[in-house]
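Undergrad: This is the structure alone, sequence omitted:
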């Protein structure tokens, strides 16, 4: 039984790309996440929840695009901060409703969370993280010309805005998260991978236009909190080797070294399973006992070791 | 010397209507607020900071308007949540930079904060709170027709979007705010008056499209926390009687009963000084020792009783 757990929910679990994305739709998705998370809260122990923000921050950026002749755009770190507020609000409410129905008396909190990245991270010279929807080649040219967005063609599906995705180095609100979690508060933190900040030469921090991978931030948070388990919830039940092929093999319990070998063989898609696998490996490397990659709706069974890919030291 | 202080910063102090509103401009404004607040932090004691969000939430709504044919709008409570994240992020950084320069070792946190309002509050039948910019009569008609916005003519200056502004009843994150403040954390909370929530018959809460007055929420927060002092910072030095007239009189120390009498005589402008006066009176009525209305740049002098309008019991 886990004493200290960090759970990461995918951005697509809180807002899939294929819905219109009204507030009511997002509330239904938050309720679904809450149903999956409720048994983890019931287990007791410390619980910190992180979440992705891809589709939400994509819509914030798109609104800025449509309003660009009238309203100054916000820098990307401010957009991430907005998404933390909005998703946190809906997820907090979904969780509280679910806990109230189950008569579980635990408070939920959402902390605005910033994450330090290196100013000289190579990602700043090579934006690779797509956010928001697909555009036609013509729209992509227009976005590049009018807003300076870096656009990249994505596997024949269209063009997407790509931003730098530097690696997380430290979580600025770590002490606050640890303190609230130790008091029994279910903490929603580091949404969207955290608001990216760089540490300037004068010692101050500044927000910087980037998006940090939420799985890597979750792994760092888990390690820094000394969590026993990192549970990464997504839209598939397990990690696959040879995904999409006839001899595909689902991974159940796997050692970090075996998973690392599969990773080096190129089994995992960039921007999809690869960052989850990397996050799981990082967490184990820094002393974590178990990292699990599992389907959102199977969170409890995965925590109990009955499903999901269970990554263990070794 | 104050042991427990709630400070409210105006929305126009964080983002005046007359700037373009780039992130860099907002960072400068946050730095100015931080310079005003730093000496209050230095004094020690518990400190909770609230802030307005009018111009920021106005821009969020306008972006939704320009993107309306492409992207589903967010419900107003979600827009408020977004503004809490964005303003909190910038204000937190401004404060931390200022504290670091002064070598003050206190942590700053921003908590997403919700506030309960009554589902049968009469405000829901009579929207009166203007948010965002002024529009022409033609634009106002268009906004009403396409988005269903309630538009109201504002003293010959143009048309504005008006939303319900129900009264705050309870702050859902009160215990968390109190707990963090007691640990010495400078807490940024209840931004924009808090995310408005109604308590449904089944016991759950739901977000509702409204904006709660940030001064009234600050007064409620101050009372509920048992704060000694409520300090409302704005763009004028003192409250005036006969404002704009030749015999205008600036109020210095004033009893709650005398201020209440002035209020009943109609001295204070709705949407401007009236809610600040009402908040000050509410805070004293519920046991507060002192409510101060003062200029942002004179925060410390006002706390020391040297300027501002000082409202005291009696």
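TA: Noted; the coordinates are in hand. Remember, predicted model here, so these are calculated numbers, not experimental data.

Undergrad: if I pick the residue of the stretch 151-300 of chain A at minimum distance from chain B, what's in contact with it?
TA: Distances from the stretch 151-300 of chain A to chain B, computed as CB to the nearest CB, single out residue A:204 as the nearest residue at 4.6 Å. Yep, even glycine has a C-beta here, placed from its N, CA and C like the rest. Contacts for residue A:204 (CB atoms under 8 Å, 6 or more residues apart in numbering or on different chains) come out as B:96-97, B:100.

Undergrad: Then residue A:242?
TA: For residue A:242, counting by CB under 8 Å, 6+ apart, the contacting residues are A:248-249, A:267.

Undergrad: which residues touch the residue lying closest to residue A:7 once chain neighbours are set aside?
TA: In this structure, residue A:7 finds its nearest non-sequential neighbour in residue A:231, 4.6 Å apart by CB to CB, 6 or more residues apart in numbering or on different chains. Contacts of residue A:231 were listed using CB under 8 Å, 6+ apart, and they are A:5-8, A:40, A:291-292, A:294, A:299, A:302-303.

Undergrad: between those residues, which is closest to residue A:213?
TA: residue A:8 (10.2 Å; CB to CB).

Undergrad: Using the three-state scheme, assign the closest one.
TA: The assignment at residue A:8 comes out as strand when based on DSSP: H, G, I helix; E, B strand; the rest coil.

Undergrad: can I assume it is in contact with residue A:220?
TA: No: Residue A:8 sits out of contact with residue A:220 when judged by CB atoms under 8 Å, with a separation of 11.2 Å.

Undergrad: For the stretch 101-250 of chain A, what lies in contact range of chain B?
TA: Among all residues of the stretch 101-250 of chain A, those adjacent to chain B (criterion: CB under 8 Å from any CB of the partner chain) are A:107, A:109-112, A:114, A:173, A:175-176, A:179-180, A:183, A:185, A:195, A:197, A:203-207.

Undergrad: For the nearest residue to residue A:207 once chain neighbours are set aside, pull up the helix or strand it's in.
TA: Counting by CB to CB, 6+ apart, the nearest residue to residue A:207 once its immediate chain neighbours are dropped is residue A:77, at 3.3 Å. Taking DSSP states H and E as the definition, one finds residue A:77 inside helix A:76-101.

Undergrad: what about the next helix or strand after that helix, distance to the chain center?
TA: Moving toward the C-terminus from helix A:76-101, the first helix or strand encountered (DSSP H and E) is strand A:108-110. For strand A:108-110, the distance from its own C-alpha centre to the chain's C-alpha centre is 17 Å (CA atoms, centre = their mean, to the nearest Å).

Undergrad: and what of stretch A:65-77?
TA: What separates the centre of stretch A:65-77 from the centre of its chain is 24 Å, taken as CA atoms, centre = their mean.

Undergrad: One more: stretch A:117-137?
TA: Offset of stretch A:117-137 from its chain centre (CA atoms, centre = their mean): 16 Å.

Undergrad: which of the contacts of residue A:231 are buried?
TA: A:5-8, A:40, A:291-292, A:294, A:299, A:302-303 (16 or more other CB atoms under 10 Å in any protein chain shown).

Undergrad: quick one: which of the residues you listed sit in strands?
TA: Judged by DSSP state E, the subset of the buried ones among the contacts of residue A:231 located in strands is A:5-8, A:291-292, A:294.

Undergrad: Those: which two are farthest apart?
TA: By the measure CB to CB, A:6 and A:294 form the most distant pair in those, at 13.8 Å.

Undergrad: quick one: secondary structure of the nearest residue to residue A:58 once chain neighbours are set aside?
TA: In this structure, residue A:58 finds its nearest non-sequential neighbour in residue A:132, 2.6 Å apart by CB to CB, 6+ apart. In terms of secondary structure, residue A:132 is strand; the call rests on three-state DSSP.

Undergrad: From what I see, residue A:132 and residue A:161 are in contact.
TA: Yes: using CB under 8 Å, residue A:132 is in contact with residue A:161, at 5.4 Å.

Undergrad: what do the two both touch?
TA: Contact with both residue A:132 and residue A:161 is made by residues A:58, A:61, according to CB under 8 Å, 6+ apart.

Undergrad: Quick one: residues contacting the residue of the stretch 51-200 of chain A found nearest chain B.
TA: Scanning the stretch 51-200 of chain A for the residue nearest chain B gives residue A:85, at 2.8 Å (criterion: CB to the nearest CB). When contacts are counted by CB under 8 Å, 6+ apart, residue A:85 is found next to A:110, A:112, B:81-86, B:88, B:112.

Undergrad: 10 Å - rerun?
TA: Applying CB atoms under 10 Å, 6 or more residues apart in numbering or on different chains, one finds that residue A:85 lies in contact with A:110, A:112, A:191, B:78-89, B:110, B:112, B:191-192, B:195.

Undergrad: nearest residue to it other than its sequence neighbours?
TA: Using CB to CB, 6+ apart and skipping residues adjacent in sequence, the residue nearest residue A:85 is residue B:85, 2.8 Å away.

Undergrad: again with residue A:269
TA: Counting by CB to CB, 6+ apart, residue A:269 lies nearest to residue A:243, which is 7.4 Å off, once chain neighbours are set aside.

Undergrad: before we move on, the earlier item: what's the overlap in contacts for residue A:8 and residue A:220?
TA: Listed as contacting both residue A:8 and residue A:220 by CB under 10 Å, 6+ apart are A:190, A:193, A:279.
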